[in-house]
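Asks: quick one: sequence plus predicted model below, questions after.
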Amino acid sequence: MLARITFRSEVYVEGKTIAHIKKKFEQMDLYNKTAEKENELGFIEINTVEDGETYDDLKEYWDNL
């Protein structure tokens, strides 16, 4: 039997600008290398990007960097 499981996580990343934060996020090792290799674990999508204090939507700005 093979089951596909999708899940959502969140992380708060601090930086000087949204561009700096995006760079830090893209360089993060979010998953254990063994899980990636043995279980075909992989990143699918970003659902939201928000200001961590006001929760204002920053996704469109993020996508256009």
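Replies: Alright, I've got the coordinates.

Asks: mind listing the strands for this protein?
Replies: For the chain, no strands turn up when DSSP state E is the criterion.

Asks: what segments of it are helices?
Replies: Per DSSP state H, the chain carries helices over the ranges 18-26, 33-39, 59-63.

Asks: which one, of the ones you listed, ends up nearest to F7?
Replies: Proximity to F7, assessed across these by Cβ to Cβ, is greatest for helix 33-39 (12.2 Å). All C-beta atoms are positioned from the backbone trio N, CA, C, and that covers glycine.

Asks: low-confidence stretches in this protein?
Replies: The chain contains no residues with pLDDT under 70.

Asks: tell me the most buried of the helices of the chain?
Replies: helix 18-26 (a mean of 14; mean count of other Cβ atoms under 10 Å).

Asks: that helix - contacts with which helices or strands?
Replies: Applying 3 or more Cβ pairs under 8 Å, 6 or more residues apart in numbering; DSSP states H and E, we find helix 18-26 packed against helix 59-63.

Asks: so which elements touch the helix it packs on?
Replies: Here helix 59-63 is seen to pack against helix 18-26 when contacts are counted using 3+ Cβ pairs under 8 Å, 6+ apart.

Asks: please state the offset of the helix it packs on from the chain centre?
Replies: 10 Å (Cα atoms, centre = their mean, to the nearest Å).

Asks: could you do stretch 34-43 as well?
Replies: For stretch 34-43, the distance to the chain centre is 16 Å (Cα atoms, centre = their mean).

Asks: circling back to that earlier point, of all the helices of the chain, which one is nearest E50?
Replies: When the helices of the chain are compared (using Cβ to Cβ), the closest one is helix 59-63, at 7.8 Å.

Asks: mind exporting the closest one as PDB, just the C-alpha atoms?
Replies: Coordinates of each C-alpha in helix 59-63 appear next as PDB, following Å, rounded to 0.1, in the frame of the first residue of the first chain:
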ATOM      1  CA  LYS A  59       1.900  37.100  -1.100                       C
ATOM      2  CA  GLU A  60       1.600  39.100  -4.200                       C
ATOM      3  CA  TYR A  61       4.700  41.200  -3.400                       C
ATOM      4  CA  TRP A  62       6.600  38.000  -2.500                       C
ATOM      5  CA  ASP A  63       5.600  36.400  -5.800                       C
END
